[in-house]
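**Q** Sharing a model that was predicted from the sequence below.
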Amino acid sequence: MSVQRRRGQKARVWRTIEVNDNRGNTVVVADPEGPIEVKAAFTPQRSSKAEVPGQQQINVTRMIVDPHLEGVSLWSRVEYAGRQWDVVSPPAYHHGDRRTRHWSIDIRERP
């Protein structure tokens with residue numbers, strides 16, 4: 001495990017589960033039972049600053065977390081630095097030796 005992930009910043013991740021809605025359809029939602037506490041490294045990817053009233057500020061950050069995190073998809077949620085984030089790209093698994101394998105997840109701050 002890299003030093004960044006071992007001594008990284010704390011975050012909470014909500015896994016995704018399948019539930020049936022009131023019409024009987026199977027839908028995918030963030031698990032309401034509670035989050036998983038993880039330590040991760042965060043790298044800013046891109047941002048666009050709101051310059052005029054009515055525009056949104058968009059911050060996208062890459063979250064690098066250990067390979068044992070499962071059940072995370074585009075419908076998952078992340079809480080990091082006291083703010084809520086959405087997963088914006090499918091999590092990518094990077095396989096290497098024991099110290100370097102990890103998941104990288106791009107997250108976007110909620111407005």
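**A** Alright, I've got the coordinates.
**Q** C-terminal to the lowest-mean-pLDDT helix or strand in the chain, what's the next element?
**A** The helix or strand of the chain with the lowest confidence, counting by mean pLDDT, DSSP states H and E, is helix 3-6 at a mean of 57. As assigned by DSSP states H and E, the chain's next helix or strand after helix 3-6 is strand 9-14.
**Q** and the residue sitting furthest away from the middle of the chain, what element?
**A** Relative to the centre of the chain, and counting by CA atoms, centre = their mean, the farthest-placed residue is residue 23 at 29.0 Å. For residue 23, there is no helix or strand it lies in under DSSP H and E.
**Q** Got the confidence number for it?
**A** For residue 23, the model assigns a pLDDT of 94.
**Q** right, and the helix or strand after the longest strand along the chain?
**A** If you go by DSSP state E, the chain has its longest strand at strand 36-48. As assigned by DSSP H and E, the chain's next helix or strand after strand 36-48 is strand 58-65.
**Q** quick one: contacts of whichever helix or strand comes after that following strand?
**A** As assigned by DSSP H and E, the chain's next helix or strand after strand 58-65 is strand 77-80. Contact partners of strand 77-80, identified using CB atoms under 8 Å, 6 or more residues apart in numbering, comprise 9, 11-14, 30, 35, 40, 42, 61, 63, 84-87, 105, 107. C-betas here are computed from N, CA, C, even on glycine.
**Q** Just checking: what are the partner strands of strand 77-80?
**A** Strand pairing for strand 77-80, determined by DSSP bridges: strand 9-14 (antiparallel), strand 83-87 (antiparallel).
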